[in-house]
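Participant: got a predicted structure plus its sequence, pasted below:
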Amino acid sequence: MTDDCLFCAIVDGSIPSRQVYADESAVAFLDIQPWHRGHTLVVPRRHVASIVDDPTSWEDLRSVVEHVVPLLMDRLGADGMNVLMNAGEVSGQEVMHVHVHLVPRYDDAPGLGNLTGRDTTDLDAVLAQLTA
């Protein structure tokens, strides 16, 4: 854990999140600025700045990604999924704690050109649908 890391604070519970799923290695929670309905971040419990710094951090994320992808697809009725990881500021990584973006995609906004819009769906409603 790093004292000044937003995701470490979410993992330890000192900052609340809309947690979708967690296991002993990683936590999945709804992104507070979602690109599409159900945009979820998966972060390891241990602090690693990026996958470049420690490629083994993927193993911390894998089981949660494998659990959450079908959850998002099934419960939200997604038609596809973007799985994205940025490594370093130049790539667009904003929080320097390795994380995977799971972005459910829907037929009404297909393709990469429509990836990074902002979704205005009520996050509590999405969480209720995923955790019911």
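Facilitator: Received it, and whenever you're ready, just let me know what you need. Numbers count the residues shown, from 1 in each chain.
Participant: so what does the longest helix belonging to the chain touch, helix or strand wise?
Facilitator: Of all the segments assigned as helix in the chain under DSSP state H, the longest by residue count is helix 57-76. If you count contacts as 3 or more CB pairs under 8 Å, 6 or more residues apart in numbering; DSSP states H and E, helix 57-76 packs onto strand 19-22, strand 26-30, strand 40-44, strand 80-84, strand 100-105, helix 123-131. Glycine gets a C-beta too; all of them are placed from N, C-alpha and C.
Participant: figure out which of these is closest to C5.
Facilitator: strand 40-44 (9.7 Å; CB to CB).
Participant: and that closest one with helix 123-131, angle?
Facilitator: Going by axes from the mean of the first three to the mean of the last three CA atoms, to 10 degrees, strand 40-44 is angled at 70 degrees with respect to helix 123-131.
Participant: let's test this: mean pLDDT of strand 40-44, rounded?
Facilitator: Averaging pLDDT along strand 40-44 yields 98.
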